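Trainee: Quick one, structure for this:
(chains A, B, C and D)
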Protein chains: 2
Amino acid sequence: MNRRTAITTQTKQNLIDAFWSLYCDMRIEKITIKDITNKAGYNRGTFYEYFKDVYDVLEHIENSLIPSLDELPPITIGSDMCGMPTNTFLELYEKNSKYYAVLLGDGGDPAFASKLKNAIKPIIIQEFANKPTVNQKELDYVIEYTLSAMIGMMSYWYRQTDKLPSDQLHELIRKLTEQGVTRQLPAL
Amino acid sequence: MNRRTAITTQTKQNLIDAFWSLYCDMRIEKITIKDITNKAGYNRGTFYEYFKDVYDVLEHIENSLIPSLDELPPITIGSDMCGMPTNTFLELYEKNSKYYAVLLGDGGDPAFASKLKNAIKPIIIQEFANKPTVNQKELDYVIEYTLSAMIGMMSYWYRQTDKLPSDQLHELIRKLTEQGVTRQLPAL
DNA sequence: TTGAATCATACAACAGGATGTTGGATGATT
DNA sequence: AATCATCCAACATCCTGTTGTATGATTCAA
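Mentor: Predicted coordinates for the structure are as follows:
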C-alpha cells in the first residue's frame, strides 16, 4: 500500500473509531463533528475530507457490516432448516456482535435491520426459486417473520447480563422454527 | 375545561400534529423547531413552553401510544393461542396503524418497539405466573421471539402496496405461531 | 539521483443558520 | 384591578459546512 493511502486509511479509521465510541454512549443526534475530531485528534475540517456529515460515518459502518451475497456460505441442507439459514444468521450476528448489538438495539438504526434482512432475503428466495409450489408472496411474509424474530431474539440475548448459554439459545431457536411457539409452552 | 387550558391543549396538539406531518416525510434529525412552529403557525419560542426539544415531541407521542395494562383486554383462551396474545396485538397495531407503521418502520424509533414489547410482556408472563413447569428465562426468549416476529411482519405488511388480504395475514400468523416456520415451507 | 511540478492532507477562519433563554406585550382569570 | 398564562421578538451562543492556505508526499523529466 502507498504511504499516502496508508495515511488516509488510518485517518479514516481513526475517525470511524472515534465516532463509534461516541455512538455506543449517546444518540447520534447529539454527536457533533467536533466531538468526533476532538476524540480522534484531528481538526474539525479534516472530517469533511472523509465524510459528508455524521450520518455518513454511520452509513459507512453499516455498509461494511452488510454481508455480500458471495460472502455468505450457501445454504446446505442439514446445517440449516428447510431453507431458513438460521445458523448462517446466528454466526453472522455473533461475528459482528460488537456492532450488531448496538445498531440493532434501542439506540440503533431501524434502517439497519432492513438492510440486513434485504441482504439475506435473496439467498433464501433463491432456494425456493424453482419450487413452483411455494407462494412467492406468502414466502416473503414467512421470511420477514423469521428474520424479525431472530434479530429480535439475538438483540435480546446480547442485552441480557445473565445470558442463556449459547447452545441452549441455538436449540431454542431451532425448536421455535421447526415447531412453532405454541408447542414450546404448556397448554393453559 | 377552562378557556386557558383549552388554548394550551390546542396549541400543544397543533405543535404535535405539525411535528407528525413532518416526521412522516423526513428523518427526525432534519426536523428543526423552526420547521414545526412555522407549520403550526407559532413563534419558535412558543415551542419551548411545551417541549424540551424535537425529541420530546416524539416521546410524548410514543407514550400516548403505549397501552396501559388495564386498557388491554385480558387474554381469553380461544381468542388467543396458548397465552400468546397475537390477536390482541394485531388489533392494537391496526387501531394505531397510522402511527405504528411509521414508528416501527425504517425511519422510526427502535426504542418504540422495545417500549411496546415491554408493555405487552407482563400480560403474557402473568398468564404463566403459576405454571411452575414454565422456565421463566426461556419464556422471556419465546416472548421476545414472538413479539419481534409479529412487529416485523405487521410493519412489512403496511409497507406493501399490494397487501395480502387481512384475514390471510391473520391465518398465516396463526399457523406460524402454532406450527413453526418449517412446516409452512415445502421440504427442499 | 535530483529537483521542480503536482497533488493530497490538514488546518484556521468565516458566514450562515439553529438553539435555547430572557424580558415584555396581550389577553384571560380571579 | 390585580394576577397569571400564553405567545412573541430579540439576543448570545454554538454547530455547521465552506474556502483559502500551508505543509508534506509523490511523480517524472533531466
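
Trainee: for chain A, what spans make up the strands?
Mentor: Taking DSSP state E as the test, none of chain A falls into strands.

Trainee: What residues does it have near DNA strand C?
Mentor: Counting by Cβ under 7 Å from any atom of the strand, chain A comes close to DNA strand C at A:R4, A:T5, A:I7, A:T8, A:T11, A:Y42, A:N43, A:R44, A:G45, A:T46, A:E49. All C-beta spots, glycine's among them, are computed from the backbone N, C-alpha and C.

Trainee: can you rerun that using 10 Å?
Mentor: Those residues of chain A that sit near DNA strand C, judged by Cβ under 10 Å from any atom of the strand, are A:2-12, A:14-15, A:29-30, A:37, A:40-50.

Trainee: how about the top helix by length along chain A as PDB, C-alpha atoms only?
Mentor: Ranked by residue count, the top helix of chain A under DSSP state H comes out as helix A:136-159. Extracted in PDB, the C-alpha atoms of helix A:136-159 (Å, rounded to 0.1, in the frame of the first residue of the first chain):
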ATOM      1  CA  GLN A 136     -44.000 -16.200  -3.500                       C
ATOM      2  CA  LYS A 137     -46.000 -13.600  -1.600                       C
ATOM      3  CA  GLU A 138     -46.500 -15.800   1.400                       C
ATOM      4  CA  LEU A 139     -42.800 -16.700   1.400                       C
ATOM      5  CA  ASP A 140     -42.000 -13.100   1.700                       C
ATOM      6  CA  TYR A 141     -44.000 -12.800   4.800                       C
ATOM      7  CA  VAL A 142     -42.600 -16.000   6.300                       C
ATOM      8  CA  ILE A 143     -39.100 -14.700   5.700                       C
ATOM      9  CA  GLU A 144     -39.900 -11.400   7.300                       C
ATOM     10  CA  TYR A 145     -41.400 -13.200  10.200                       C
ATOM     11  CA  THR A 146     -38.300 -15.400  10.700                       C
ATOM     12  CA  LEU A 147     -35.700 -12.800  10.300                       C
ATOM     13  CA  SER A 148     -37.500 -10.300  12.500                       C
ATOM     14  CA  ALA A 149     -37.800 -13.000  15.200                       C
ATOM     15  CA  MET A 150     -34.200 -13.900  15.000                       C
ATOM     16  CA  ILE A 151     -32.900 -10.400  15.100                       C
ATOM     17  CA  GLY A 152     -35.200  -9.600  18.000                       C
ATOM     18  CA  MET A 153     -34.100 -12.600  19.900                       C
ATOM     19  CA  MET A 154     -30.400 -12.100  19.300                       C
ATOM     20  CA  SER A 155     -30.600  -8.500  20.300                       C
ATOM     21  CA  TYR A 156     -32.400  -9.500  23.500                       C
ATOM     22  CA  TRP A 157     -29.800 -12.100  24.200                       C
ATOM     23  CA  TYR A 158     -27.000  -9.600  23.900                       C
ATOM     24  CA  ARG A 159     -28.800  -7.200  26.200                       C
END
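
Trainee: That one versus helix B:136-159: what angle between them?
Mentor: Comparing the axes of helix A:136-159 and helix B:136-159 via axes from the mean of the first three to the mean of the last three Cα atoms, to 10 degrees yields an angle of 140 degrees.

Trainee: do helix A:136-159 and chain B meet?
Mentor: Yes. For helix A:136-159, a contact with chain B is found by Cβ under 8 Å from any Cβ of the partner chain, at A:137-142, A:144-149, A:151-153, A:156-157.

Trainee: Distance from that helix to the middle of the chain?
Mentor: 12 Å (Cα atoms, centre = their mean, to the nearest Å).

Trainee: in that helix, what's buried?
Mentor: A:138-158 (16 or more other Cβ atoms under 10 Å in any protein chain shown).

Trainee: confidence score at the residue nearest to A:V142 when sequence neighbours are not counted?
Mentor: Excluding the flanking residues, the one nearest A:V142 by Cβ to Cβ, 6 or more residues apart in numbering or on different chains is B:Q184, at 5.5 Å. Per-residue pLDDT puts B:Q184 at 79.

Trainee: just A:T146 next, same as before
Mentor: For A:T146, the predicted pLDDT is 94.

Trainee: How about A:I77?
Mentor: At A:I77, pLDDT is 51.

Trainee: show me what contacts the residue sitting nearest the centre point of chain A?
Mentor: Closest to where the C-alpha atoms of chain A average out (Cα atoms, centre = their mean) is A:Y100, at 4.6 Å. Applying Cβ atoms under 8 Å, 6 or more residues apart in numbering or on different chains to A:Y100 gives the contacts A:L65, A:Y93, A:M154, A:S155, A:Y158.

Trainee: how about TSV for those residues, with pLDDT added?
Mentor: As requested, those are exported to TSV (pLDDT from 0 to 100):
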residue	pLDDT
A:L65	93
A:Y93	93
A:M154	94
A:S155	95
A:Y158	94
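
Trainee: what's the weakest-modelled helix or strand in chain A?
Mentor: helix A:3-23 (a mean of 85; mean pLDDT, DSSP states H and E).

Trainee: elements contacting that one?
Mentor: With contacts defined as 3 or more Cβ pairs under 8 Å, 6 or more residues apart in numbering or on different chains; DSSP states H and E, helix A:3-23 has these neighbours: helix A:33-40, helix A:44-50, helix A:54-65.
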